[in-house]
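> model the following, please.
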Amino acid sequence: MDRLGNVIKSYLNNDDEKIFGSARGERRPSHDPDLDAAFDELNDFLNNDKARDEPGPEPHAPPHGPETSNGTIPEELRQDFAELGVAFGASGTECKDAYKKLLKIHHPDRHAGHEGNMKKATERTARINAAYDRIEKWRKG
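Numbers count the residues shown, from 1 in each chain. Below you'll find the model as predicted:
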């Protein structure tokens, strides 16, 4: 509580330059290592966020259609990519992440208390598994 009180006093005394840095945006170390660590973490996050916002090449949008090392993606897999909720031609990592996320959401054990919901979850999980298996089987070719 003392730290919070000191921060509030700093605001009220218009002493924020001492805690948050000069007007140029530079932050000077405070007397609180936790506060310093929090600001360093925030700066790292904000700097990484800016790097993600910079334009770069599209990850899966080649000019002549989706391709991988195994060749052009068969049109039959379009529905499987949609089942996973990823773009047609998404990378293996994107597919795997989406697959895991969907399994966590739709796992039948999460719906064990309601028979109807459990049945729907079981069916959805089977479709998710089948879609991911077909995509991976094609990738391994």
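> pLDDT of the helix ranked longest in the chain, averaged?
In the chain, ranked by residue count with DSSP state H as the criterion, the top helix is helix 115-140. In this model, helix 115-140 has a mean pLDDT of 93.
> what packs against it?
Here helix 115-140 touches helix 78-84, helix 92-106, going by 3 or more C-beta pairs under 8 Å, 6 or more residues apart in numbering; DSSP states H and E. For the C-beta atoms, the positions are set from N, CA and C on the backbone; glycine is no exception.
> now do the last one: which elements does it pack against?
Helix 92-106 is packed against helix 78-84, helix 115-140, with contacts defined by 3+ C-beta pairs under 8 Å, 6+ apart.
> give me the number of residues near residue 106?
19 (other C-beta atoms under 10 Å).
> ok, residue 35 next?
By other C-beta under 10 Å, the burial measure for residue 35, its neighbour count, is 17.
> dump stretch 76-87 to CSV, restricted to CA.
Output in CSV follows, covering the C-alpha atoms of stretch 76-87 (Å, rounded to 0.1, in the frame of the first residue of the first chain):
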residue,chain,number,x,y,z
GLU,A,76,-10.7,-30.5,-51.7
LEU,A,77,-8.7,-29.3,-48.6
ARG,A,78,-10.4,-25.8,-48.8
GLN,A,79,-13.2,-27.1,-46.5
ASP,A,80,-10.7,-28.6,-44.1
PHE,A,81,-8.9,-25.3,-43.7
ALA,A,82,-12.3,-23.6,-43.2
GLU,A,83,-13.1,-26.2,-40.5
LEU,A,84,-10.0,-25.2,-38.6
GLY,A,85,-10.9,-21.5,-39.1
VAL,A,86,-7.7,-20.6,-41.0
ALA,A,87,-7.1,-19.2,-44.4
